[in-house]
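Student: What shape does this take:
(one chain, ligands or ions: 2)
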Amino acid sequence: MPALHERRRERLTDVLTSVGLGSALITTVLNVRYLTGFTGSAAALLVTVDGSAEIATDSRYALQVQQECSDVPARITRSGRRELAQSVCDQNLGAAGFEDQCLSVAAWRDLPPGVAWTPLDSALDQLRMAKDAAELDLLRVACSASDAALDDVLPRLHAGVSEREVARWIDDGLRDRSEGPAFDTIVASGPNGAIPHHQPTERPIEHGDFVTMDFGARVGGYHADMTRTVVVGEVAHEWQRETYDIVRRAQQAGIDALGVGRAAADVDAAAREVIVDAGFGAFFDHGLGHGVGLQIHEAPFLGATSPDNLVESVPVTVEPGIYLPGRGGVRIEDTVVVHADHVEYLTTTTRDLLVVG
Ligand code: ZN
Ligand code: ZN
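Tutor: Ligands and ions are numbered 1, 2, ... in the order given. Got it, this is the predicted structure:
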């Protein structure tokens, strides 16, 4: 889809122009992918303000680069970054942006002298924050694949199966429907639920356990992210009903606070207030959510110290939780998109407390 990627490069050149840069040397493969459609694992890209671009990759990808981004001239070499940097010098392109957030110190030292190399800072993250229609479609497919995978697993979940077994079922369901899991699937049962990023173990799930499952599918490189906490057999403890209800209300408060122009920190505060007011503030010690896209965690970040403001067409997760050491935890997470006049749920599994098994 050359036109799509050309539009993205135009948005980058607008940014470059506004800060007085003549070109940008892109060295993160994710950003190269975003700007060209090239999905290989090694690439660099030079974009200049006159709208021209040149991509460099090695011979393993000579054919693929032609197929995936036929509109961008390709240089086949093992030292693409260095050659494109030299090209900035040779063409007298003026001050040039580089990806300071991910270029190694060694690679930075290797940039040729004679050019005002200028950090791009978070410019690419900001550019990627609002998604275009093609990106939102990929996220919709990834999220519905995630819902469907969970739908298959819930009827099979019962006391006696291990966390690892449940994680395997989820992963199989994701692989059947997508490129595979977007990240390492989390299944946390009973007391393990108190660890937000618990790795699944052989622990057999017990009657009355809370089971938290955090997972997502990846489609076209785009990451879905959702979490559901269910109870196995029956609600065994009053604290389970209480904490679930608080987390659900907190998530709703967070989603209600989303909107174009809103400060991400305020959205975090809206959800956190519900948990703090209920007396569980000390047991919710991570941010409320994050953007998703070509990365599972990307801007904007919904947290108390986040500098981000929400823009139109930005997908974010909203994932409050309460984690009680020794007892367990609950988290409810959905991926939603902020539109001008509404919030669209991409993950749609019920948020009611489900009793399974
Ligand atoms: Zn998650
Ligand atoms: Zn998440």
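
Student: Now name the helix or strand holding the closest residue to Leu294 other than its chain neighbours.
Tutor: Nearest residue to Leu294, sequence neighbours excluded (C-beta to C-beta, 6 or more residues apart in numbering): Leu30, at 4.9 Å. (Glycine included, C-beta is placed from N, CA and C.) Element membership for Leu30, per DSSP states H and E: helix 29-36.

Student: and that helix, what other elements does it pack with?
Tutor: helix 2-18, strand 44-48, strand 53-57, helix 123-129 (3 or more C-beta pairs under 8 Å, 6 or more residues apart in numbering; DSSP states H and E).

Student: which parts of the second one are buried?
Tutor: The neighbour-count criterion (16 or more other C-beta atoms under 10 Å) identifies 44-48 as the buried residues of strand 44-48.

Student: Give the partner strands of that strand in its sheet and their orientations.
Tutor: Strand pairing for strand 44-48, using DSSP bridges, gives strand 23-26 (antiparallel), strand 53-57 (antiparallel).

Student: ok, and what's touching it?
Tutor: Here strand 44-48 makes contact (C-beta atoms under 8 Å, 6 or more residues apart in numbering) with 9, 12-13, 16, 22-27, 31-32, 35-36, 53-57, 72, 80-81, 84, 87-88, 91, 93.

Student: residues in contact with the residue in the stretch 101-250 of the chain that ligand 2 sits nearest to?
Tutor: Per C-beta to the ion, the residue of the stretch 101-250 of the chain with the smallest distance to ligand 2 is Asp225, at 4.2 Å. Asp225 sits next to 146, 182-183, 214, 216, 292, 296, 317, 319, 333, 335 when contact means C-beta under 8 Å, 6+ apart.

Student: Contact residues of the chain facing ligand 2?
Tutor: By C-beta under 5 Å from the ion, the residues of the chain that approach ligand 2 are 225, 317.

Student: on that earlier part again, would you confirm that the residue nearest to Leu294 contacts Gln295?
Tutor: Yes: under the criterion of C-beta atoms under 8 Å, Leu30 makes contact with Gln295 at 6.6 Å.

Student: Adding distance to Gly259 and pLDDT, write the buried residues of strand 44-48 out as CSV.
Tutor: Formatted as CSV, those follow (distance: C-beta to C-beta, whole Å; pLDDT from 0 to 100):
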residue, distance to Gly259, pLDDT
Ala44, 38, 98
Leu45, 34, 98
Leu46, 38, 98
Val47, 32, 98
Thr48, 37, 97
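
Student: Just name the closest of these to Ala263, please.
Tutor: Val47 (30.6 Å; C-beta to C-beta).

Student: can you map out the strands along the stretch 51-200 of the chain?
Tutor: Secondary structure of the stretch 51-200 of the chain, counting by DSSP state E, counting those that start in this stretch: strands at 53-57, 74-76, 96-98, 117-119, 186-189.

Student: just those: most buried one?
Tutor: With neighbours taken as mean count of other C-beta atoms under 10 Å, the strands of the stretch 51-200 of the chain reach their highest mean count in strand 186-189, at a mean of 27.

Student: What's the mean pLDDT across that strand?
Tutor: Mean per-residue pLDDT for strand 186-189: 98.

Student: As CSV, could you dump the C-alpha coordinates of that strand?
Tutor: Output of strand 186-189 as CSV, limited to C-alpha atoms (Å, rounded to 0.1, in the frame of the first residue of the first chain):
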residue,chain,number,x,y,z
ILE,A,186,-0.3,-14.3,31.6
VAL,A,187,-2.4,-16.8,33.6
ALA,A,188,-2.4,-16.2,37.3
SER,A,189,-4.6,-18.2,39.7
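
Student: Point out the other helices and strands that the helix or strand following that strand packs with.
Tutor: With elements assigned by DSSP H and E, the helix or strand that comes after strand 186-189 is strand 210-215. Contacts defined by 3+ C-beta pairs under 8 Å, 6+ apart place strand 210-215 against helix 133-153, helix 163-177, strand 186-189, strand 226-232, strand 328-331.

Student: roughly how far is the fourth one from the heart of the chain?
Tutor: Remark: strand 226-232 is offset 20 Å from the chain centroid, using C-alpha atoms, centre = their mean, to the nearest Å.

Student: Can you check the distance spanned by stretch 39-47, start to finish?
Tutor: 17 Å (C-alpha to C-alpha, to the nearest Å).

Student: Same question for stretch 49-63.
Tutor: 27 Å.

Student: Show me the shaky parts of this structure.
Tutor: 1 (pLDDT under 70).

Student: Flag every residue of this structure that's near ligand 1.
Tutor: Taking C-beta under 5 Å from the ion as the contact definition, the chain meets ligand 1 at 214, 225, 227, 333.

Student: The third one: what's it in contact with?
Tutor: This means Thr227. 186, 212-215, 319, 321, 331-333.

Student: and what of the first one?
Tutor: Asp214 makes contact with 185-186, 197, 225-227, 331, 333 under the criterion C-beta under 8 Å, 6+ apart.

Student: can we see that at 7 Å?
Tutor: 186, 227, 331, 333 (C-beta atoms under 7 Å, 6 or more residues apart in numbering).
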